[in-house]
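Asks: Got a sequence here, can you build the structure:
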Amino acid sequence: MITNFFIPELNNHDVQELWFQQDGATYHTARPTIDLLKDTLGDRLISRFGPVNWPPKSCDLTPLDYFLWGYVKSLVYADKPQTLDHLEDNIRRIITDIRPQMLEKVIENWRSRLDYIRASRGSHARNHI
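Replies: Sure, this is the predicted structure:
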């Protein structure tokens, strides 16, 4: 997927400022995967064994975890897709429909989460944010 989809898609866009983050799942951090991503992204990789280490158990700090996956999932399955093509179409449509204003609010919330984590010296934020 990285070789056949992700890298060619990156090459279609100006992504000089892009940072790529993935969690610490074993299949994400296999040596060949990390090496390929490092070759592609340099030090703009946030991952276990990457140039910037992925913070474990960081769901409070990861917009993909605390926002995107739940948001997308709730809309993707709203019409109960019955085929893989229907599911893929829903995913593409939902992701495409996410507007910059929504992402700005997510980043604003993320900054609040970081401020809380700093002030509380790293305590769990789920009940506070």
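
Asks: Any buried residues in stretch 80-97, and which?
Replies: 90, 94 (16 or more other C-beta atoms under 10 Å). In this view, the C-beta of every residue, glycine as well, is placed from N, C-alpha and C.

Asks: and it, how far out from the chain's middle?
Replies: When distances are taken as C-alpha atoms, centre = their mean, to the nearest Å, stretch 80-97 is centred 18 Å away from the chain's centroid.

Asks: likewise stretch 7-27?
Replies: For stretch 7-27, the distance to the chain centre is 10 Å (C-alpha atoms, centre = their mean).

Asks: What pLDDT does the model give the residue nearest to residue 27 when sequence neighbours are not counted?
Replies: Among residues not flanking residue 27 along the chain, residue 33 sits closest, at 7.5 Å (C-beta to C-beta, 6 or more residues apart in numbering). Reading off the confidence values, residue 33 has pLDDT 89.

Asks: Touching, residue 33 and residue 2? I think so.
Replies: Yes. Residue 33 is within contact range of residue 2, at 6.8 Å (criterion: C-beta atoms under 8 Å).
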